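Novice: What follows is a protein structure lacking sequence information:
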């Protein structure tokens with residue numbers, strides 16, 4: 001009789017453990033995929049933030065070149081060369097931010113807002 005009670009108790013305990021751990025086990029298989037998705041999203045956010053910072057830095061360089069030209073540190077020819085290069089680099093960064101470069105009108109509008 002005691003052996004039967006012990007077996008039933010162990011069987012019930014095992015069943016309780018299985019039932020209570022089911023949500024943890026079902027999430028366990030999806031956790032790797034969800035974790036990978038979260039990591040990809042985090043990487044994309046970091047890459048986007050880095051491009052945003054590069055864009056702002058490039059705009060600062062364009063403004064600095066304009067200031068150098070206006071204060072006489074750069075000749076017109078040097079300014080035109082530097083400004084052209086900086087704006088080309090800014091367009092490349094903006095195209096990368098845009099994804100496929102399809103927003104060329106928005107890019108032109110954004111660059112036109114900078115001094116020339």
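Specialist: Looks like it arrived, so ask away. The structure displayed is predicted, hence computed values, not measured ones. Numbers count the residues shown, from 1 in each chain.

Novice: For the rest of this, base every contact and every neighbour count on C-alpha atoms.
Specialist: OK.

Novice: Let me know the average pLDDT across the one helix or strand residue 54 maps to.
Specialist: Element membership for residue 54, per DSSP states H and E: helix 2-70. The average pLDDT within helix 2-70 is 83.

Novice: just how off-centre is it within its chain?
Specialist: Averaged C-alpha coordinates place helix 2-70 at 14 Å from its chain's average position (C-alpha atoms, centre = their mean, to the nearest Å).

Novice: packing partners for it?
Specialist: On a contact count with 3 or more C-alpha pairs under 8 Å, 6 or more residues apart in numbering; DSSP states H and E, helix 2-70 meets helix 76-98.

Novice: can you give me the mean pLDDT across the helix it packs on?
Specialist: The average pLDDT within helix 76-98 is 94.

Novice: The helix holding residue 54 to helix 76-98, inter-axis angle?
Specialist: Comparing the axes of helix 2-70 and helix 76-98 via axes from the mean of the first three to the mean of the last three C-alpha atoms, to 10 degrees yields an angle of 160 degrees.
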